[in-house]
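J.: model this:
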Amino acid sequence: MAVLSILSRTASRRSVRALGVASASVALAIGAAGNALACDISEFSAAAKCEGDKGVITVTDVDPAGIPATVTVYLQNKGADAEKIGEQVVKGSREGSTITFAADWKPNAEYRIHVKADRYVDEDIKPNLVTPSTPCKTADTPTPTPSESSSTPAEETATPTPEPSTSAPAPAQSESTSPAAVPSNAPSPAAGESNLAETGAGNNTGMIAGIAAALVAIGGGAVFFGLRRRGANSSR
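T.: This next block holds a predicted model:
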């Protein structure tokens, strides 16, 4: 009887030990599986894309456990946060869940993206997101303005008609001569006396010449009649 009692006790101890080992193995397996299903920063990715002519930033979560995570995007300037672009909650999936931030990014801009998921994740996606060097919308090329010479009609390019001169017309030759002198009551000098007038002689020269001629004529007549009378007296 004593031997049977000892054997039963030994078997019971072995059974308890085996059960403990099995329980520990199951616990370890469950723990490993839990760690494998936990949210991890490596399951998050970010990209800068274009939607039409505007830029956006997308963040994708491929966590199969679907643990909610808060994603915050910051614009960087010289290694510091310059502007908070936005904050959203994403619940991952095996296929991947994507959220979009409306950020009209500039070429070569840098963004810091932080992820916080309960007690599993509280860090940034590394490295920081740098946007492409090509913008989503290219600058419009200005249309060249047509030159004035090409757009001006032929009528406008013709030589304009010169405006009439405002200066008075030059007088005709007949109008430029001095007006005729007003006739004077003084007698006109003889034709031969014009030279005297030109030399500066007075207007009485003609009168004196006329008197002298009369005196000469009278003297000549007197001499003629005297000689005739003397001849008559001598003939008697």
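J.: quick one: the helices in this structure?
T.: Applying DSSP state H to the chain gives helices spanning 2-37, 148-151, 154-157, 173-176, 194-199, 205-235.
J.: any idea how far residue 91 is from residue 56?
T.: Distance of residue 91 to residue 56, computed by Cβ to Cβ, to the nearest Å: 20 Å. No exception for glycine: its C-beta is placed from N, CA and C like everyone else's.
J.: of those two, which one has the most company?
T.: Between residue 91 and residue 56, counted using other Cβ atoms under 10 Å, residue 56 has the larger neighbour count: 17 against 14.
J.: so what pairs up with the more buried one in the strands?
T.: Per DSSP bridges, the residues bridged to residue 56 are residue 49.
J.: residues contacting it?
T.: 48, 49, 50, 100, 101, 102, 103 (Cβ atoms under 8 Å, 6 or more residues apart in numbering).
J.: between those residues, which is nearest residue 210?
T.: For the contacts of residue 56, the minimum distance to residue 210 (Cβ to Cβ) is 127.5 Å, reached by residue 50.
J.: just checking, the closest one touches residue 136?
T.: Yes - if you go by Cβ atoms under 8 Å, residue 50 and residue 136 touch, sitting 3.8 Å apart.
J.: of the two, who's got more company?
T.: Here residue 50 and residue 136 are compared on neighbour count by other Cβ under 10 Å; more neighbours surround residue 136, at 18 against 15.
J.: any idea how far residue 129 is from residue 123?
T.: Distance from residue 123 to residue 129, counting by Cβ to Cβ: 15 Å.
J.: who's more crowded, these two?
T.: Using other Cβ under 10 Å as the criterion, residue 123 and residue 129 rank with residue 129 on top: 20 against 10.
J.: list the contacts of that one.
T.: 46, 47, 48, 57, 110, 111, 112, 113.
J.: what about the residues you listed, which are in strands?
T.: With strands taken from DSSP state E, the overlap with the contacts of residue 129 comprises 46, 47, 48, 57, 110, 111, 112, 113.
J.: so what's the residue count around the closest residue in space to residue 75 that isn't next to it in sequence?
T.: Counting by Cβ to Cβ, 6 or more residues apart in numbering, residue 75 lies nearest to residue 83, which is 4.3 Å off, once chain neighbours are set aside. Using other Cβ under 10 Å, residue 83 has 11 other residues around it.
J.: do the same with residue 74
T.: 20.
J.: one more: residue 207?
T.: Residue 207 sits with 11 neighbouring residues when counted by other Cβ under 10 Å.
J.: now do residue 222
T.: The burial count assigned to residue 222 is 10, neighbours taken as other Cβ under 10 Å.
J.: likewise for residue 85?
T.: Residues near residue 85, counting by other Cβ under 10 Å, number 16.
J.: thought it was touching residue 57?
T.: Yes - taking Cβ under 8 Å as the definition, residue 85 is a contact partner of residue 57 at 7.0 Å.
J.: which strands or helices does the longest strand along the chain pack on?
T.: Using DSSP E, we find that the single longest strand of the chain is strand 80-91. Applying 3 or more Cβ pairs under 8 Å, 6 or more residues apart in numbering; DSSP states H and E, one finds that strand 80-91 contacts strand 54-61, strand 68-77, strand 97-101.
J.: one more time with 7 Å
T.: Packing contacts for strand 80-91, counted by 3 or more Cβ pairs under 7 Å, 6 or more residues apart in numbering; DSSP states H and E, involve strand 68-77, strand 97-101.
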